[in-house]
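Q: Compute the structure for the input listed below.
(chains A, B and C)
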Amino acid sequence: MKSILENIRLKTPLIHCITNYVTANDCANILLACGARPVMADEPDEVSEITASADALCINTGTVNDFTVQAMFEAGKTANRLGIPAVLDPAGTGSSGYRRKKVSEMIEKIRFAAIRGNASEIMTLAGIETKGRGVDSSVSVPPVYELAGIAKALSGRTGAVICITGETDIISDELTSFCVHNGDALMSRVTGTGCQLSALISAFVSVNRDKILNAAVAAVCAMGLCGEKAKKRMTSPDGNASYGNYIIDAVFNLTPQQLESGAKYEIL
Amino acid sequence: MKSILENIRLKTPLIHCITNYVTANDCANILLACGARPVMADEPDEVSEITASADALCINTGTVNDFTVQAMFEAGKTANRLGIPAVLDPAGTGSSGYRRKKVSEMIEKIRFAAIRGNASEIMTLAGIETKGRGVDSSVSVPPVYELAGIAKALSGRTGAVICITGETDIISDELTSFCVHNGDALMSRVTGTGCQLSALISAFVSVNRDKILNAAVAAVCAMGLCGEKAKKRMTSPDGNASYGNYIIDAVFNLTPQQLESGAKYEIL
Amino acid sequence: MKSILENIRLKTPLIHCITNYVTANDCANILLACGARPVMADEPDEVSEITASADALCINTGTVNDFTVQAMFEAGKTANRLGIPAVLDPAGTGSSGYRRKKVSEMIEKIRFAAIRGNASEIMTLAGIETKGRGVDSSVSVPPVYELAGIAKALSGRTGAVICITGETDIISDELTSFCVHNGDALMSRVTGTGCQLSALISAFVSVNRDKILNAAVAAVCAMGLCGEKAKKRMTSPDGNASYGNYIIDAVFNLTPQQLESGAKYEIL
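A: Residues are numbered from 1 along each chain as shown, chains lettered A, B, ... in the order given. As a prediction, the model looks like this:
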């Protein structure tokens, strides 16, 4: 786990994000915090070239529209052609038929190295009926072992490592599921902590392509651990805005050694 | 006033924002701070469905364009059809003929529960010639009683509770005008405090539909009170960036009891 | 240099930004911090009118697309017709053929008062082959005297003051090059410090039109000096998110006297 973060600090990978305008700034800053470099671009006429020069592509459907979705398909095709890892954050995928359809097409036509969402979003992708409202997971979340089964099946179907984040995080390929116990409930009160984690996963897998599953576990542990560190830093009258800054600060200061010793994960 | 905020904390309403990309992140975080949940989406093909699942719709014309304006009309129509409260922030409406025209069409075709702007924006909506430049209210502001008259007339015409924010805030329906004395001048040095207030108003009215006027007054008091609390928290060398974070933190920590006792409002 | 900043505080110029959605919020807040007022708008049908009412136009190609590029040309034409200073930040111009083409067209068709970029971006504009990846300057940067020559030539061709920011900043017109030694390496770990500087340059030149070169030097010194002040403010466990806030805070608190005494610049 140590070497996974060391690789980012050493190689400063360039991460091409096609993402929503709500949390783009935080995604850029958390990438810089972890040692990577962000480039955000979503004009269909240029994304192919930008993805081609990047070390990973991160697609986030948070404020997707007909123009950015085009860019996502273009960039995804290029990433696949060149063997550049692509990560999908199907943000809010259950909130509209439009989004469900576009995300379904994406996982059919683009091969993702990893897909990260909350239980509601991943269950929507898996074709399981949910009642997710908005972008958070207000659905009653199935037990961990059931989620791991869903993740394994979806991984088998898509070839992607599946990350289901929530109180307990599941990271799974077709055969092996990890669960991660890092994190803090307060993270759900900061907009875009999920988007930021997807950006981190992109950075972690970009320079650890031979161990995508481990890299994704490391990224999930790193984000959760930084959520814990940021929580300990809080004093009155800090609230969710300060907390959001503290999380990014914690990623900035996270050493490979701290990640190694603070990560709480196990094989299911 | 206590129960109005308690209702948000209890019901965690989902607020659909079609808003500008400059302050979307702060709007999302202030909604989370007050106990609501944000969803930002502006693709015309999906907004109807998203509004339908939300507890309120917040339309902000800050960086409006031909595509998002379409989404605003779609979402507004749905909100009206389903009786979901819609709130309008006609940000920068005086700055271009384009915006004046689109906002005029909106208040003709969509019934809003509340409309919030600065004096310049509301006067533009009321058809009164102003010389507002940009999105702030650099026009010479008429006296409070005159503004209240403008607000009452515009409320009569639109059916919306009208909120005019500035040094003194006016909140008015056709018959009754309140004025609010909370707030701090420094709030105008943080981008998007107006947008954030409009988001808060949306959350406050969403779960207090039988008392829109009171809910809007409570939201305006809450924002102003948090501006005061944040100001008291400032120490050298804090500036407007820290202040912006402190405001959201203050909303996060605001208790219904504190709102009750700190609100400074009166009937005009 | 003192009077240049005093002019902003006195005249509170309105700056029209057509910029990227990643750093728009920070650009707005740094403009407010320095005493200017931001307006962000990119609908082609309204930008002309908004530029016409502004004191400067700031164009940033960070997340440019076919729609915003249209707005940039419209606004630029209006700025030139009315003698309103226009500033260009060719963010990430080397990252795609699309962006290179659009930016080339811009400097042909729009007369800019100033152009600010990193070495890679300015060299791309100057037609010098680079291998910039993403929006940062990962190319091996030529020595200062060589950069000054590139800046002078590009200034001669475009009529704009050229600002090349990096470890040492170059600010140059056709005849005279300054170099600025303010700043801190950590600034490159906060997204958008370059965009923010371009916004500041727009504010500085807007009210000092008879001395564009000096105004640009003052803006670059101000940003660098604030980067230094913010760095001194950092304590453990601050990271790049806190640092970003501290920079804007420092601009908010910067006095003309402090700028005068803290600016480290020389004629090359």
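Q: Distance check, the closest residue to chain B within the stretch 101-250 of chain A against B:Asp249.
A: Residue nearest to chain B within the stretch 101-250 of chain A (Cβ to the nearest Cβ): A:Gly239, separated by 2.9 Å. In short, each C-beta sits where N, CA and C put it, glycine included. Distance, A:Gly239 to B:Asp249, by Cβ to Cβ, to the nearest Å: 3 Å.
Q: can you list residues touching both of the two?
A: B:Ala33 (Cβ atoms under 8 Å, 6 or more residues apart in numbering or on different chains).
Q: Can you report how many residues lie near A:Phe73?
A: Neighbour count of A:Phe73, defined by other Cβ atoms under 10 Å in any protein chain shown: 17.
Q: Now do the same contact list for A:Val87.
A: The contact partners of A:Val87, by Cβ under 8 Å, 6+ apart, come to A:56-59, A:112-116, A:198, A:201-202, A:205.
Q: same thing but 6 Å
A: A:58, A:114, A:198, A:201-202 (Cβ atoms under 6 Å, 6 or more residues apart in numbering or on different chains).
Q: Would you mind listing where the stretch 1-150 of chain A has pLDDT under the threshold?
A: A:130-139 (pLDDT under 70).
Q: can you give me the helices for chain A?
A: A:2-11, A:24-34, A:44-52, A:66-82, A:97-109, A:119-125, A:144-158, A:193-206, A:212-233, A:240-253, A:256-262 (DSSP state H).
Q: Can you add distance to B:Tyr21 and give the ones you listed back as a markdown table?
A: A markdown table is the format used below for the helices of chain A (distance: least, Cβ to Cβ, whole Å):
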| stretch | distance to B:Tyr21 |
| --- | --- |
| helix A:2-11 | 28 |
| helix A:24-34 | 8 |
| helix A:44-52 | 18 |
| helix A:66-82 | 12 |
| helix A:97-109 | 19 |
| helix A:119-125 | 23 |
| helix A:144-158 | 31 |
| helix A:193-206 | 15 |
| helix A:212-233 | 25 |
| helix A:240-253 | 18 |
| helix A:256-262 | 33 |
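Q: Find the centremost residue of chain A, please.
A: Nearest residue to the geometric centre of chain A (Cα atoms, centre = their mean): A:Ser198, 1.7 Å.
Q: Next to chain B in this structure, residues from the stretch 151-268 of chain A, please.
A: Residues of the stretch 151-268 of chain A that fall close to chain B, judged by Cβ under 6 Å from any Cβ of the partner chain: A:189, A:191, A:237-242.
Q: Of those residues, which pair is most distant in space?
A: Between any two of these, the greatest separation by Cβ to Cβ is 19.8 Å, found for A:Thr191 and A:Pro237.
Q: Go through stretch A:229-241 and flag the buried ones.
A: A:229-231, A:233-234, A:237-241 (16 or more other Cβ atoms under 10 Å in any protein chain shown).
Q: Same question for stretch A:111-120.
A: In stretch A:111-120, counting by 16+ other Cβ under 10 Å, buried: A:112-120.
Q: re the thing from before, out of the helices of chain A, which comes closest to A:Cys179?
A: helix A:144-158 (6.0 Å).
Q: Pull the number of nearby residues for A:Gly224.
A: 24.
Q: now swap in A:Ser261 and tell me
A: A:Ser261 has 11 nearby residues by other Cβ under 10 Å.
Q: what does chain A put close to chain C?
A: A:14, A:21, A:24-25, A:28-29, A:32-33, A:37, A:39-40, A:43, A:45-46, A:49-50, A:53, A:245, A:248-249, A:252-253.
Q: 7 Å - rerun?
A: Residues of chain A lying close to chain C (Cβ under 7 Å from any Cβ of the partner chain) are A:14, A:21, A:24-25, A:28-29, A:32-33, A:37-43, A:45-46, A:49-50, A:53, A:233, A:245, A:248-250, A:252-253.
Q: related to what we said a few turns ago, and for the nearest residue to the residue nearest to the centre of chain A once chain neighbours are set aside, the neighbour number?
A: Excluding the flanking residues, the one nearest A:Ser198 by Cβ to Cβ, 6 or more residues apart in numbering or on different chains is A:Asp89, at 3.7 Å. Neighbour count for A:Asp89, taken as other Cβ under 10 Å: 30.
Q: ok, now which ones touch A:Asp89?
A: Contact analysis of A:Asp89 by Cβ atoms under 7 Å, 6 or more residues apart in numbering or on different chains lists A:59-61, A:116-117, A:194-195, A:198.
Q: same question, A:Pro90
A: A:61, A:103, A:115, A:117, A:121, A:125.
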